[in-house]
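Peer 1: Here is a sequence together with a model predicted from it:
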Amino acid sequence: NCAAIPETLLEAEFFGVARGTATGVDARMGRFEQANGGTLFLDEIGEMSPAMQTKLLRVVQERVFERVGGREPIKVDVRLIAATNRDLEKAVATGEFRQDLFFRLNVVPLVLPPLRERMSDVLLLAELFRRRFAEENQRHCRGFSRAALDRLMAYNWPGNVRELENVVAQAVILS
């Protein structure tokens, strides 16, 4: 989650740290190196600073990076999946997001409408969450009442799936 990691630590999280960068610091692999040959999911990429966008662009274009404090180029083969709740086209237009990075990432766009626009998913997701939270909390919950299902379907879910998940977790815990 690019928004959850402080900007000062994001580069080290992505690219790792070279041994001896600071006194007593051992080498540490970053997420790109760990994902070599596989897939790396970058959540909330729209929150990334312009400086970090530039560093990410280099890896996306050249498939090479250096660890923080290092000089040794490291080649990687990583498929990136990036997600954001921001409108990146608007962010590009306002200069908040690099256009070249946007086009590098926007190869196969998947647009997932908000939950309120796909209400048929509400009951399926609610049931999935009910089962998971019942098991995690050792609660015996057989299902939702008709009234509860009606309320789930009548609400417009401004917090999307995360809000639904929290509502179901609360219901299971308090049941």
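Peer 2: Sure thing, it's come through. Numbers count the residues shown, from 1 in each chain.
Peer 1: could you pull out the helices for the chain?
Peer 2: 7-15, 31-34, 50-62, 88-93, 99-105, 120-136, 146-154, 160-174 (DSSP state H).
Peer 1: what's the closest of those to Gly70?
Peer 2: Across the helices of the chain, the minimum distance to Gly70, taken as C-beta to C-beta, is reached by helix 7-15, at 8.4 Å. All C-beta spots, glycine's among them, are computed from the backbone N, C-alpha and C.
Peer 1: If we go by neighbour counts, what in that closest one is buried?
Peer 2: Buried residues in helix 7-15, counting neighbours by 16 or more other C-beta atoms under 10 Å, are found at Leu10, Glu11, Ala12, Glu13, Phe14, Phe15.
Peer 1: The first one touches Lys55, doesn't it?
Peer 2: No. Taking contacts as C-beta atoms under 8 Å, Leu10 lies outside contact range of Lys55: 9.0 Å.
Peer 1: Make a markdown table out of the helices of the chain and add distance to Gly70.
Peer 2: Converted to a markdown table, the helices of the chain look like this (distance: least, C-beta to C-beta, whole Å):
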| stretch | distance to Gly70 |
| --- | --- |
| helix 7-15 | 8 |
| helix 31-34 | 11 |
| helix 50-62 | 13 |
| helix 88-93 | 30 |
| helix 99-105 | 23 |
| helix 120-136 | 41 |
| helix 146-154 | 51 |
| helix 160-174 | 37 |
